[in-house]
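# I would like to see how this sequence folds:
(chains A and B)
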There are 2 protein chains.
Amino acid sequence: MASVPRFSNEREETKGQTQASKRTSLRQFSPLLVAMVGLPGRGKSLLARRLARYLNYTGDTAKVLDISDYRRKHMEKYGSHEMFRADNLPAWRLRQKSFHEALEDAAAWLNEPGHHVAILDGPNVSRNQRQEIYDLIYGQRGFRIMFIECVCEDPVILERNFKDILQYSADYSAMATEQALTDLTYKMAHYKAQYESPSLGSHWELPCPMVKVLDGGFGGIVAHGVTGVKESKILAYISVPKPIQQVIYFSRHGESEFNVIGRIGGDALLSPRGRVYAHALAKHVHTLNLPALQVWTSTLKRTRATAANIHAPQQHLAELDEIFSGDCESLTYEELQERFPRELALRDRDKLKYRYPQGESYLDVMQRLVPILTQLESENNVLSISHQAVLRCVLGYFLETPTEEIPYIHVPLHAILKVTLKGYKYTMETVKMPIECVDTNRAKPSNCLINRTTDEALLTVPAHLDSLSSLNALTTCI
Amino acid sequence: MASVPRFSNEREETKGQTQASKRTSLRQFSPLLVAMVGLPGRGKSLLARRLARYLNYTGDTAKVLDISDYRRKHMEKYGSHEMFRADNLPAWRLRQKSFHEALEDAAAWLNEPGHHVAILDGPNVSRNQRQEIYDLIYGQRGFRIMFIECVCEDPVILERNFKDILQYSADYSAMATEQALTDLTYKMAHYKAQYESPSLGSHWELPCPMVKVLDGGFGGIVAHGVTGVKESKILAYISVPKPIQQVIYFSRHGESEFNVIGRIGGDALLSPRGRVYAHALAKHVHTLNLPALQVWTSTLKRTRATAANIHAPQQHLAELDEIFSGDCESLTYEELQERFPRELALRDRDKLKYRYPQGESYLDVMQRLVPILTQLESENNVLSISHQAVLRCVLGYFLETPTEEIPYIHVPLHAILKVTLKGYKYTMETVKMPIECVDTNRAKPSNCLINRTTDEALLTVPAHLDSLSSLNALTTCI
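Numbering: from 1, shown residues only, chains lettered A, B, ... in the order given. Predicted coordinates:
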């Protein structure tokens, strides 16, 4: 996933300078290696991938380098736990080789302009390995470094993590469950025998930040030596425990009066068909019988009305309000083209960064959503009812959509989107409700030049009615 | 200090709704009380005030309520340490009364719309007090709560903290140093006798977040139960240790060719007088002989040239680049008024929130500076060379200028600004260099209406030359 440009002060002429200046940096502005530490099944890989997702979305380009991927490249197929025994010398050499390759790749990746945080995912159980990481990354390359150890004794979390490994690990994809479980138990025992857990706090072995995450964060954290801005941002993210089984639901508001007549923004009421959806949504959600369900909506009338029939605690959040189109609020695309043809063309050219006059860009929306997204990640069974552009940004986060593609994610009206954590990734299912509605999705026109014709500009505008008075005709169709 | 509006999607018609909706919130969106815990001299008050400064600047309206301020209201003058003895019943009642008043005020303040974080500063050494805080804030009022304990055993930090108390505490303002030191030592002993330090980690006594800060953060932190977005933001801030003695230096670039001819933005070179300043600045800085001096500049030519003669490691940061005026870059105010009179009037009307077309607002600049400001706060002897608008935002942070006044802070050319932490506040000294330069400060005109005349719009534009060719004339004046 490409990272979000962090600044709105990008000047064409200084872009090159900025890049170049990053290469001669004081230590506190150098790129950062995050090295995971911990036994298998302690939640390292899930945390590493969640962290990378968060960093990429918030403007720090991040990449996970998984040592076991390197190990698998050197093996035709996974044999057994025997390869993790400390006294299996040929296997130990192979594992060391994989470790060094991943480490070297991480260092090389960090050396590229615009790369900020590499996450080295692997057990890194021995003091020697951690010293090697430190010597190469901090000593030789002059980068920053931070260790995150995952410690877990909670039997419920451990069992869940083991199940995930058996289900999703490439090592066990071709093995029967019973056999895989036995193998994993032995593998764990071999690693335990080699485990030199970093000491707590000020007795930590290396002069760099170290954070211990206890029981997936539910047991708290211990941090020592955190000094940089990125390190403290990472600490804040990993300090909030996140569920290992997670389902979140999303929906756009029901069709609004503005949707029907093709107007953007505003604060319109639901159309008759939108009101039908609100009832159908409530009925569907009640059938699911979700424990401790919460409903988060925007502050606008159309999302509040859509949520109104649902029996659950509700919160209305300005962070979830639709992208603000400023001077262009409440216009149709036809009016936009008539009054602001240059603006419409500029928007089509770069929908991600384009900011409406006195309004917002997708990047602005992505940024204001960050607190809500991190809160959402620590919840279960939230139904979030909001808007097309906002949901594009939200889904872009969970599904790790490349940033440039976020403004074009298809989010239909009258559909419930169920996002589930599976292994280390989120997947989405769409439940379409059989209630008719307009399509509000305007594809990128092929001609985005400022001097294009009106027809070219309006080519992809979805069909809509001309006036509110035609609305009543629709009620009969329901 | 008024807080920064967090969203750029403020719609006039929904402002009321948003305010109202905040009153019926799910627990994770409720206001937060932060309660400090710890013996006197452990750095609680400095941390509380730094945290409030940071929160207010980043959009979470925060207030410190200092229990000792309430105690002082009930006493004509400070007597002695005797009032902190556990067996001094009348004094104990007075201290309990002060504790309850501060706590009630904190709860009432949090209940106001737009208030986010109240920080209750005081020792809160007994389990009973913490239980009372929890019962009122979490139990009765339904707010969130977080405890921060400051533990300090480092003799160097302790000595420095004691000195600060003797110098800045209202209790000791009328007492001779020797006597005050004895009194403080006894006061400490009384508190130690009553101290029930919260247990670590999962044995912590209350079901809410608790963070221990060890040796002012230099000894690391231990956190348990951190779940909310604000709590994790606070954790990130307090996890980075900040010096208790701190001096930071700031300067604008030397006068630029654009300054001389009254143009805004751009990437111009230094004027001849600006180059003289660059030499004078280097000479002055070398005389100060600052240990481990670092220079942080923007990426633009005029700040890099200003720093060029200084012997110290340098970093060029895009975060420190001048406010980007988008379509208005490189124009004079006269040209701005001619080509964009409406924009200039809108900017004069609300300089803080006004965003140049395709450019930035002061709020945008404040936001992009946050990582740099938090990094700066953990440093000493940094000389940061940047620009008028950027330095307004930076100084506004350290000096806690009300947000609306930030765009009007006077930051002269050819002057070195020395910002020093004194007690819990930063103070500023200005060293003006005797090198002539133009004035670039344009005061707010009295008429900010869109239909004002050109003369009214240009009334406060500072004097400048008309063309670059006149520049050479200046060299002779030096």
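# Can you tell me which residues in the stretch 201-350 of chain A are near chain B?
Contact residues (C-beta under 8 Å from any C-beta of the partner chain) of the stretch 201-350 of chain A with chain B: A:201-202, A:214, A:219-229, A:231-233, A:235-237, A:239-241, A:267, A:294, A:296, A:299-300, A:313-319, A:321-324, A:329. All C-beta atoms are positioned from the backbone trio N, CA, C, and that covers glycine.
# switch to 6 Å and redo it
A:201-202, A:219-224, A:226-227, A:229, A:232, A:235-236, A:239-240, A:267, A:299, A:313, A:315-316, A:318, A:321, A:324 (C-beta under 6 Å from any C-beta of the partner chain).
# In strands only, show me those.
A:221-224, A:315-316 (DSSP state E).
# buried set for stretch A:312-319?
Using 16 or more other C-beta atoms under 10 Å in any protein chain shown as the test for burial, stretch A:312-319 gives A:312, A:314-319.
# what about that stretch, start to end distance?
In stretch A:312-319, first residue to last residue: 20 Å (C-alpha to C-alpha, to the nearest Å).
# So which residues make contact with it?
A:293-297, A:299, A:307, A:368-369, A:372, B:7, B:18, B:21, B:25-26, B:29 (C-beta atoms under 6 Å, 6 or more residues apart in numbering or on different chains).
# out of the residues you listed, which are buried?
A:293-297, A:299, A:307, A:368-369, A:372, B:7, B:18, B:21, B:25, B:29.
# Narrow the contacts of stretch A:312-319 to those in strands?
Judged by DSSP E, the contacts of stretch A:312-319 include A:294-297 as members of strands.
# Would you convert these into CSV that also reports pLDDT?
Conversion of these to CSV gives the following (pLDDT from 0 to 100):
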residue, pLDDT
A:294, 97
A:295, 98
A:296, 98
A:297, 98
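# ok, so of the residues you listed, who is nearest chain B?
Closest approach between the ones in strands among the contacts of stretch A:312-319 and chain B, by C-beta to the nearest C-beta: residue A:294, at 6.1 Å.
# Run through the bridge partners of that closest one.
Following DSSP bridges, residue A:294 is listed with bridge partners residue A:382.
# how close does it get to residue A:140?
The gap separating residue A:294 from residue A:140 is 50 Å, by C-beta to C-beta, to the nearest Å.
# Residue A:178: neighbour count?
For residue A:178, the count of nearby residues is 9 (other C-beta atoms under 10 Å in any protein chain shown).
# Per-residue pLDDT of it, please?
Looking at residue A:178, its pLDDT reads 91.
# Over to the one 10 residues further on?
With respect to pLDDT, residue A:188 has a value of 91.
# what do you get for residue A:469?
Confidence score, pLDDT, at residue A:469: 69.
# With residue A:375 instead?
In this model, residue A:375 is scored at 95, pLDDT.
# right, and it touches residue B:229 too?
Yes - counting by C-beta atoms under 6 Å, residue A:375 does reach residue B:229; the two are 5.1 Å apart.
# hang on, the earlier thing: from the residues of the stretch 201-350 of chain A next to chain B, list just the buried residues.
Using 16+ other C-beta under 10 Å, the buried members of those are A:201, A:219-224, A:226-227, A:229, A:232, A:235-236, A:239-240, A:267, A:299, A:315-316, A:318, A:321, A:324.
# tell me the centre residue of chain A?
By C-alpha atoms, centre = their mean, chain A has its centre lying nearest to residue A:397, at 3.3 Å.
# which ones are touching that one?
Taking C-beta under 6 Å, 6+ apart, one finds A:57, A:373 in contact with residue A:397.
# ok, now with 10 Å
Going by C-beta atoms under 10 Å, 6 or more residues apart in numbering or on different chains, residue A:397 touches A:1, A:53-54, A:56-58, A:366, A:369-370, A:372-374, A:376-377, A:406, A:419, A:426.
# so which of the residues you listed are also by chain B?
Within the set of the contacts of residue A:397, contact with chain B (C-beta under 10 Å from any C-beta of the partner chain) is found for A:370, A:372-374, A:376.
# Out of these, the closest to chain B would be?
Distances from chain B to those, taken as C-beta to the nearest C-beta, are shortest for residue A:374 (5.6 Å).
# backbone phi and psi for the closest one, please?
phi -70, psi -30 (degrees, to the nearest 10).
# surely it meets residue A:51?
No - judged on C-beta atoms under 10 Å, residue A:374 makes no contact with residue A:51 at a distance of 11.5 Å.
# overlap in contacts of these two?
Common neighbours of residue A:374 and residue A:51 (criterion: C-beta under 10 Å, 6+ apart): residue A:237.
# Okay, the spatially closest residue to residue A:78 that is not a sequence neighbour and residue A:152: tell me how far apart.
Excluding its sequence neighbours, the residue lying closest to residue A:78 (C-beta to C-beta, 6 or more residues apart in numbering or on different chains) is residue A:171, at 4.3 Å. Separation of residue A:171 from residue A:152 (C-beta to C-beta): 20 Å.
# how about stretch A:52-71 as PDB, C-alpha atoms only?
Taking C-alpha atoms only, stretch A:52-71 is exported to PDB below (Å, rounded to 0.1, in the frame of the first residue of the first chain):
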ATOM      1  CA  ALA A  52       2.100  -2.000   9.200                       C
ATOM      2  CA  ARG A  53      -1.500  -1.400   8.100                       C
ATOM      3  CA  TYR A  54      -1.900   1.500  10.600                       C
ATOM      4  CA  LEU A  55       1.500   3.100   9.700                       C
ATOM      5  CA  ASN A  56       0.900   2.900   6.000                       C
ATOM      6  CA  TYR A  57      -2.500   4.500   6.400                       C
ATOM      7  CA  THR A  58      -1.200   7.300   8.600                       C
ATOM      8  CA  GLY A  59       1.700   8.300   6.300                       C
ATOM      9  CA  ASP A  60       4.600   6.200   7.400                       C
ATOM     10  CA  THR A  61       5.400   3.700   4.700                       C
ATOM     11  CA  ALA A  62       5.900   0.400   6.400                       C
ATOM     12  CA  LYS A  63       6.700  -3.200   5.400                       C
ATOM     13  CA  VAL A  64       6.700  -6.500   7.200                       C
ATOM     14  CA  LEU A  65       9.500  -8.900   6.500                       C
ATOM     15  CA  ASP A  66       8.600 -12.300   7.800                       C
ATOM     16  CA  ILE A  67      11.700 -14.500   8.500                       C
ATOM     17  CA  SER A  68       9.600 -17.700   8.000                       C
ATOM     18  CA  ASP A  69       8.800 -16.600   4.400                       C
ATOM     19  CA  TYR A  70      12.600 -16.600   3.800                       C
ATOM     20  CA  ARG A  71      13.000 -20.000   5.400                       C
END
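# just how off-centre is the helix or strand encompassing residue A:212 within its chain?
Assigned by DSSP states H and E, residue A:212 falls within strand A:210-214. Computed by C-alpha atoms, centre = their mean, to the nearest Å, the chain-centroid distance of strand A:210-214 equals 22 Å.
# same check, this time on stretch A:59-78
Distance of stretch A:59-78 from its chain centroid, counting by C-alpha atoms, centre = their mean, is 20 Å.
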